[in-house]
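[1] Fold the following, please.
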Amino acid sequence: MTKGMTKGMTKGMTQAPALAALAGLQGPQRQTAVQAALQRVQDEGVHTVRVVWGDLHGTYRSKSLVTQGGTAPLAAAFEEGVGLVSTVLMKDTSDRTAFKVFEPGAVPAMAGLQGASNLFLLPDPSSLTTLPWAPHTAWVRADAVTAAGDPVAIDPRRVLQRALALLQQRGWQLRCGLEVEFHIHRIVDAQLAAENADWPAEPPTVSLLHPGYNLLSDSWADMADEALAIVRHTLCGLGLPLRSLEVELGPSQFEAVFDAVGALTAADQMLMLRNGLRQALRRAGYHASFVARPPLPNSIASGWHLHQSLADAEGRNVFAREESHAASGQARQARHTLSDTGAHWLAGLLHHARGMTALCAPTLLAYGRYQGSVMAPQAAVWGLDNRGAMLRVVGGPGDAATRIENRVGEPLANPYLYMAAQVFAGLDGVDRRLEPGAATTSPYESGLPGLPSTLGEALDALADDAVMQDGLGQPMARLFDTIKRQETARAAAAADLPGWLRREYFGRY
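    Residues are numbered from 1 along each chain as shown. This next block holds a predicted model:
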């Protein structure tokens, strides 16, 4: 039998409980959602359902179930899952497995993954989404579980779920708004000749959609209208809460801004954004890339600015300061804008800035942003509505939309790990009642606490941060460190580093 068969087909005559039951998911609510999903597949003429799971690098891995002849394959997957080779969880950005899975003891922190064993994708029926660019095709998001129905510790989504559970114990929810910069180019040559199929392959040859260096230019937006119409149609068709599409400063650079939602939903939407846009635009002859800085002449680095706040059980903003209780004194003090909890959370983000950077900016290309890029952070400081600071505090006394914007991230960050890092750092600040100090008005002056200058330095800082290590858990911490150090080692050994960066990141991400 192949690894792609359902768990029920592999165990056949044993009559063991269904995987969904073993995972503790069986119940009336799930059964109602399953029936609704199966009915939608029939009613909407869905012929293929891609069971998708987001890997460490934010790329969807999928198994395609054929529903053209009926919904039985999908119904079985909801009960028994779909097999997934476990090495997919241990790949670096070139798709090389970072652990010697056929050597005894090579992966002791990840029990059950020895020998390229099987895991299972258990689909969430409520996540069924038809694809606006692919007729008769839908996505259904899945979580990775073991054959016993247990969560997989090195599934990034599980890390965020654990982090959010810590907030839930206090009656809080994390809300996040996405502000994502990215590049779109027109494909001139797809570079699909067989001789270009290296590991990784040569990316497409591209041309610009607009020449850049004219921020928010309406003329440049009009030049790119065809591609932006695809972006709008795709994101809205996927149900994402898109607020605006904007022309950024760099050549062929754009930005999408979204309404704030719950953190887990926001992270799921970030994966839909990245994977959906790349697929939809590629079909139309465009190449979308979320690398921090495309390896092209005159490119400008992209960031992912993560807006965050806490809400209580009634939906009130925990970071907002009541106008009648506004702190007196200078406006540069955090409590002029933020509640006590918000100020402590801000201080936690500052305290763990270096330790969290690798989770927020996990590729080699991201670190040029901190060396003088336009409106990118260079130091672990905060400011009031200051786009040069790492942490920009937005709002004021009595403003229900008060929030903290973390500007350190890159668009290729895994959203589950990026958001989980905010929780680990913020809660440490709250628990220890850390203080953020005064806001900066000069975020680029010398002598400020610097951010890591390389991915290697960021990995060292992550390894030294006990709060981040404890939050990730030993299996995920080891997985992330091993994969990323393999990535940096291969880059260091490359004879042609620009070519290596071009093939490693620009073609796939």
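[2] Within the sheet, what are the partner strands of the longest strand seen in the chain, with directions?
    The residue-count maximum for a strand in the chain (DSSP state E) belongs to strand 173-189. For strand 173-189, the pairing partners within the sheet under DSSP bridges are strand 205-207 (antiparallel), strand 253-258 (antiparallel), strand 261-262 (antiparallel), strand 286-289 (antiparallel), strand 304-311 (antiparallel).
[3] which parts of the first one are buried?
    In this case it means strand 205-207. Within strand 205-207, the residues that count as buried by 16 or more other Cβ atoms under 10 Å are V206. C-betas here are computed from N, CA, C, even on glycine.
[4] if we can go back for a sec, kindly reformat the strands paired with strand 173-189 as CSV containing mean pLDDT.
    Converted to CSV, the strands paired with strand 173-189 look like this (pLDDT from 0 to 100):
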stretch, mean pLDDT
strand 205-207, 97
strand 253-258, 98
strand 261-262, 98
strand 286-289, 98
strand 304-311, 98
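[5] Ok, which of these comes nearest G396?
    Closest approach to G396 among the strands paired with strand 173-189 is made by strand 304-311 (13.6 Å; Cβ to Cβ).
[6] Can you list the buried residues in the helix or strand that contains W500?
    Assignment of secondary structure by DSSP states H and E places W500 within helix 497-501. Under the neighbour-count criterion of 16+ other Cβ under 10 Å, helix 497-501 has W500, L501 buried.
[7] Need the residues that contact that helix.
    The set of residues external to helix 497-501 that reach it, using Cβ atoms under 8 Å, 6 or more residues apart in numbering, is P295, L364, L365, R490, A491, A494.
[8] ok, now how distant is the nearest residue to the third one once chain neighbours are set aside from A458?
    Closest residue to L365 apart from its sequence neighbours, by Cβ to Cβ, 6 or more residues apart in numbering: A292 at 4.6 Å. Here the criterion is Cβ to Cβ, to the nearest Å. By it, A292 lies 13 Å from A458.
[9] Those two: which is more packed in?
    Taking other Cβ atoms under 10 Å, A292 and A458 do not tie; A292 has more neighbours (30 against 26).
[10] Sketch out the helices for the stretch 101-250 of the chain, chain order is fine.
    Under the criterion DSSP state H, counting those that start in this stretch, the stretch 101-250 of the chain carries helices at the ranges 156-168, 218-223, 225-237.
[11] between those helices, which gets nearest to V34?
    The nearest among the helices of the stretch 101-250 of the chain, by Cβ to Cβ, is helix 156-168 at 20.2 Å.
[12] Report all helices and strands that that closest one contacts.
    Here helix 156-168 touches strand 173-189, helix 263-283, helix 415-432, helix 466-472, going by 3 or more Cβ pairs under 8 Å, 6 or more residues apart in numbering; DSSP states H and E.
[13] so how far is it off the chain centroid?
    In terms of Cα atoms, centre = their mean, to the nearest Å, the gap separating the centre of helix 156-168 from the centre of its chain is 14 Å.
[14] Also stretch 291-309?
    Its chain's C-alpha centre and that of stretch 291-309 lie 14 Å apart, by Cα atoms, centre = their mean.
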